[in-house]
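In: Fold the following.
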Amino acid sequence: MKILVAVDPSDTAHLPVAKAAAMAKKEGAELTMLAVAEAVEDMESLFGGQATERLKQRAAKTLDAAQAVAKAEGVTAKEMLETGVSPEEFIVETAEKGGFDLVVMGSRGKKGVRRLLLGSVASKVVALAPCSVLVVR
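Out: Just a heads-up that it's a prediction; the model follows:
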């Protein structure tokens with residue numbers, strides 16, 4: 001079994017990693033963690049061309065923290081860091097190309113109009129993924 005856990009720098013990022021690591025340990029599964037640093041070309045001029053690089057550094061730190069959570073569960077995970085405009089596309093594409101059996105990810109829990117206007121990475125992954133998706137709250 002192959003498990004892909006999508007990590008982001010939110011306050012609750014450790015929850016899906018802990019769940020995925022526990023499942024990987026129990027099932028003897030391969031665990032891969034994916035962080036996507038969103039590219040923000042439109043904002044580069046505001047931040048002197050450093051916005052995307054800062055987001056990439058933040059995503060790398062998130063992967064380091066996620067690896068610590070996985071190791072606490074007794075699991076070593078592979079890491080992937082991507083940069084792009086659409087995190088959900090990278091997650092779905094990675095799941096397809098990597099032959100993953102399960103995607104584990106968190107939900108930020110946006111409600112009402114904010115959810116309708118902004119959309120949800122988790123809901124898009126659920127709709128498009130080629131495998132099962134576990135959304136952890």
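In: Look through the chain and tell me its longest helix.
Out: Counting by DSSP state H, the longest helix found in the chain is helix 51-72.
In: Can you spell out which helices and strands pack onto it?
Out: Using 3 or more C-beta pairs under 8 Å, 6 or more residues apart in numbering; DSSP states H and E, the elements in contact with helix 51-72 are strand 2-7, helix 14-27, strand 30-38, strand 78-84. Every residue, glycine included, has its C-beta placed from N, CA and C.
In: List the neighbours of the first one that are in contact with it.
Out: Applying C-beta atoms under 8 Å, 6 or more residues apart in numbering, the contact partners of strand 2-7 are 13, 16-17, 20-21, 23-24, 29-36, 62-63, 66, 77, 87, 91, 94-95, 98-106, 121, 125.
In: Take that strand, keep the C-alpha atoms, and write them as PDB.
Out: C-alpha atoms of strand 2-7 as PDB (Å, rounded to 0.1, in the frame of the first residue of the first chain):
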ATOM      1  CA  LYS A   2       1.200   3.500  -0.800                       C
ATOM      2  CA  ILE A   3       0.000   6.500   1.100                       C
ATOM      3  CA  LEU A   4       0.400  10.100   0.100                       C
ATOM      4  CA  VAL A   5      -0.100  12.800   2.700                       C
ATOM      5  CA  ALA A   6      -0.500  16.400   1.600                       C
ATOM      6  CA  VAL A   7       1.000  18.800   4.100                       C
END
